[in-house]
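Peer 1: just need the structure, nothing else, for what follows:
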Amino acid sequence: MNQTSLDKQRGRVLILDGDMYYSPNSSRRVELPPYDEHKGRQHKIFERKDARVEIYHQPRWWTLTFGWVSFVSIKPCFYSSLFEPLAKFPTRYEKFKQKGIEFGYCLPQKFCDDWRHLEECFVSATSIMADTYETAASRPFSPWALGYAGGYRSYKYAVERATRSRDWFSIWMGLMSYLIAVVQSPEKWVTLLKGRGFEQTWLDSLLTSTVCDFSSNAFRAGIFLDLIEPGDCQPDVKWFINYNVPVWYRWGQLEAGDKTLAHLAPLPSQMQEATTTLTVVPSITPQIHLPSKNHAEGVRAYTLFFAARQQRNAKLLLTETPTDRQARLSRERKPPTSGAKVFEWETTQGDPTLWVRVPVGRIHREETLGNYSAAQKRYDSFRNEWDCCEEFGDGDDDDDDGWDSELWGIPTDSIDPTQPLTALNPVLSAPMTLTHPPEPAQILDAERIDVSRSHPLRDHYVGEPLIPHPNTIDLLEQEVLETLILHYGYTPPIPLPTYVPPINNEGDYKRLVRLLGLSWARCQNRMSQRYMALAKVYLDSFISGVRPSNDACDFNVYNRATLAHATRLKHLRFVETVQEKPTTLYMFDFGGRSEAPWKLAMIGAADALMVCRLDGRMGEYEIASYLLGHGIPFRTLISSESISRAPREPPPLCVLPMRLSDAQFTQKDYDNYARERSTLLRHPRVRVALMRGGFAWRLCAPIVSFESVLQGPTGWNPVPGTMFTARDPKTNEIFVDDELTEVELNSITGTYVCLTGLGAQTAMRSWFPLSSTFEAGGEDYRRWNDYREDDFQRRLAEISKPTSESRGPLNAKKWRDLMRGTKDMRRLKDVIERWSENFIKENL
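Peer 2: Next up, the predicted model:
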């Protein structure tokens, strides 16, 4: 192996106890571990008394029995579907009762059950893998041994025991990571565990959890290696580096004089940096302490959030339609629980001074709201969202009676860690299945989305309003007219004709309803309405390629409501995507009138004209809110020179599950996919999915806050595929936005990599169409509407029906056929876009 085969740019030389130690893959400052732990002399490192995970965050010398501790993460992340019970810590504890008398506090039973289930799975999985692959890893005691299932007189002590138990799971996660690294092939250990009773869905979740994250984002404890006298079965330095486990080793005269170790030598610059200051004092990794309620930075973070939202709400009042106002006031009088988005404000595990707004899954909304007092939750009727945080106000907990370590239950001092968990605690002796805990008997995405049927239209023209007074037309007629005006540039005639020949052919009428994106259930008995007949005549002209009359279409300079004089049109700039085949985006630059730090950019010309038709009083925030509410794709571009370079949250671990060619999918597979998707939706960069429109928008909109989009791009990201880039061809100015990688986007729509049975050949199958497939077909209206929602609900019904032939994920060809749309739909979409593009170029 030559020296260039190791990437040492992150390396560092340390002077520890007078000797030089080198890490080729870590710049962390660590202490030199006691040497008597070397070569297996340390036979026991886990003590229940005062056991804290921080003790195992310091690297140790390699030993055959405890070398696996190097894989323990010093910044464990429980934000995955598998570890969801650990990530969501209880805000209230139950009263512990013995013989009907209240004695103290205990962890809620649901948490105990979930933790017990996860614990059993890890104890069983690690035992099977260690025995099968003959790994001499000495296992730690179980989290239960730290007392999370007990009852305590002191509330604080109950919390402390639960916290230590929860953190102890990270030790078992490190053991599992080590065993997976030893086996190397995921196919081998997945097949092994599946054959021993573990369900495929649980294994899928494990594969996408931080246990299988061997990137530098895992922040593992690390290991000290002896290069001259290696410990028993000591792996090569390169093996640890391949799994991003920090490695340290002594680099003295003996090591430097051994030619076989030349490739492990520090870089000259690193040697020079270390030897210029020989008085380096090693320091222990600082402990992380949660901030108090009065922590200025934490309070300031969400205080600014609510202040900015209050300002936006005040402006929304100006353009709020009567229909939207009525709905908002109704919600305000009786705030919904399960039907509203719920968010929790939490400090990040990596930085306790940084507060983040975390979405709560739909099935956990009511439970989460119940965990907070009235003073600890806030409801916003404009967005139908709850925000919860203990820092907002006082809770309902009883007064604490001080620290008291008396355990009302099984004393932990008498626990033998070699016994099975069920033998230690009779409460845990019930039969179990190695799978996820059961979910409610309902499909997780069945909550219907009804986009607003009212649209704040512009008022820049002179003359009669485009929409007749609401008292003269019903809601369906109003929706048809507003859809025609906003998305197709229709200008109703003045005066409106008193009679229009009705549509007599039901086939023509169904075709029109689909072109408009309406629900057939609402329209099937309305064939005689004059607005339907007007809509048919107007849209047929586009489909036939005949431009409508000047009086009928607003992208005509002679129309009474022509867009040629629209104020927003004058602020359009053309930018091009930076890729092999550039595409044009239509960016609004309002200059000094801009209210947002980012610039709104529309994906197509027709959508750019649609923005020009919205109420002129709407700023970027209001326009973006409208687009988000209707699933219309757009971008929030910011100059690459002004975007934040602050540290970013590591990318989520996304792995597309693999299935055999004869795999049979069930409701459990879908539910597991929905849980995995909910985990992904916690990441700040998932705001891109809301701006993407289509199925990506539909799957994220019920959970992810629109506020994440309004706050703009999250910051500069050097990871390939995570930044969207566009360039102004005139000024060469570069604009950027967040982006999702292809794997992340495909994960949202529930994609699997399936073997075809022809050797190693694979094919994609997904619960919903890939974004690229949907956007290429005629079924993409460039907005979400009743027709698309009806189709989405039909798909959910297929998935939940055991006898349905289309129950499982569909292959790419099937989705292409389903999303192709009719010839008229594709024709209408293409003609509108082409004519809109020409109009902008002629009038800008």
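Peer 1: assess the claim that Ser154 and Tyr105 are in contact.
Peer 2: Yes. With contact defined as C-beta atoms under 8 Å, Ser154 reaches Tyr105; the gap is 7.4 Å. (Each C-beta comes from the backbone N, C-alpha and C, glycine too.)
Peer 1: so those two - more neighbours on which side?
Peer 2: Taking neighbours as other C-beta atoms under 10 Å, Ser154 and Tyr105 compare with Tyr105 leading, 26 against 18.
Peer 1: if you average pLDDT over the helix or strand that contains Phe839, what comes out?
Peer 2: Using DSSP states H and E, Phe839 sits in helix 823-843. Across helix 823-843, the average pLDDT comes to 95.
Peer 1: which parts of it are buried?
Peer 2: 824-829, 831-832, 835-837, 839-840, 843 (16 or more other C-beta atoms under 10 Å).
Peer 1: just the residues contacting it, thanks.
Peer 2: Contacts to helix 823-843, defined as C-beta atoms under 8 Å, 6 or more residues apart in numbering, come from residues 487-489, 511, 514-515, 539, 542-543, 545, 547, 555, 557, 563-564, 569, 572, 586, 604-606, 608-609, 777-782, 820.
Peer 1: which helix runs longest in this structure?
Peer 2: Criterion DSSP state H: the longest helix present in the chain is helix 155-183.
Peer 1: just the buried positions in that one, please.
Peer 2: Buried-residue list, helix 155-183, by 16+ other C-beta under 10 Å: 155, 157-162, 164-183.
Peer 1: cool, and stretch 530-547?
Peer 2: 530-536, 538-543.
Peer 1: quick one: average pLDDT of that stretch?
Peer 2: 91.
Peer 1: start at 22, not 1
Peer 2: Happy to do that; since the first residue is 22 now, the last one works out to stretch 551-568.
Peer 1: so who does His508 touch?
Peer 2: Per C-beta under 8 Å, 6+ apart, neighbours of His508: 627, 631, 803-804, 853.
Peer 1: and it, how far is that from Ile853?
Peer 2: As defined by C-beta to C-beta, to the nearest Å, His508 lies at a distance of 8 Å from Ile853.
Peer 1: let's verify Ser699: helix, strand, or coil?
Peer 2: helix (DSSP: H, G, I helix; E, B strand; the rest coil).
Peer 1: ok, it touching Gly382?
Peer 2: Yes. The pair Ser699 / Gly382 is scored as a contact, 4.6 Å apart, by C-beta under 8 Å.
Peer 1: shared neighbours of these two, anything?
Peer 2: Ile724.
Peer 1: poorly predicted segments of this structure, please.
Peer 2: 22-26, 57-64, 71, 112, 117-123, 297-321, 369-374, 417-469, 471-494, 667-669 (pLDDT under 70).
Peer 1: next up, the contacts around the residue most central in space within it.
Peer 2: For the chain, the residue nearest the mean C-alpha position is Leu702 (1.9 Å; C-alpha atoms, centre = their mean). Contact analysis of Leu702 by C-beta under 8 Å, 6+ apart lists 380, 710, 721, 724-725, 769.
Peer 1: do Ser230 as well
Peer 2: Ser230 neighbours (C-beta under 8 Å, 6+ apart): 101-104, 674.
Peer 1: again with Pro356
Peer 2: Contacts of Pro356 by C-beta under 8 Å, 6+ apart are 400, 402, 407.
Peer 1: how about the first one, secondary structure?
Peer 2: With three-state DSSP as the basis, Tyr400 sits in strand.
Peer 1: ok, the nearest residue to it once chain neighbours are set aside to Ile76 distance?
Peer 2: Leaving out its chain neighbours, the residue that sits closest to Tyr400 by C-beta to C-beta, 6 or more residues apart in numbering is Pro356, at 4.5 Å. Pro356 sits 46 Å away from Ile76, going by C-beta to C-beta.
Peer 1: Arg804: neighbour count?
Peer 2: Arg804 has 21 nearby residues by other C-beta under 10 Å.
Peer 1: over to Leu791?
Peer 2: 24.
Peer 1: mind checking how far it is from Tyr802?
Peer 2: For Leu791 relative to Tyr802 (C-beta to C-beta), the value is 18 Å.
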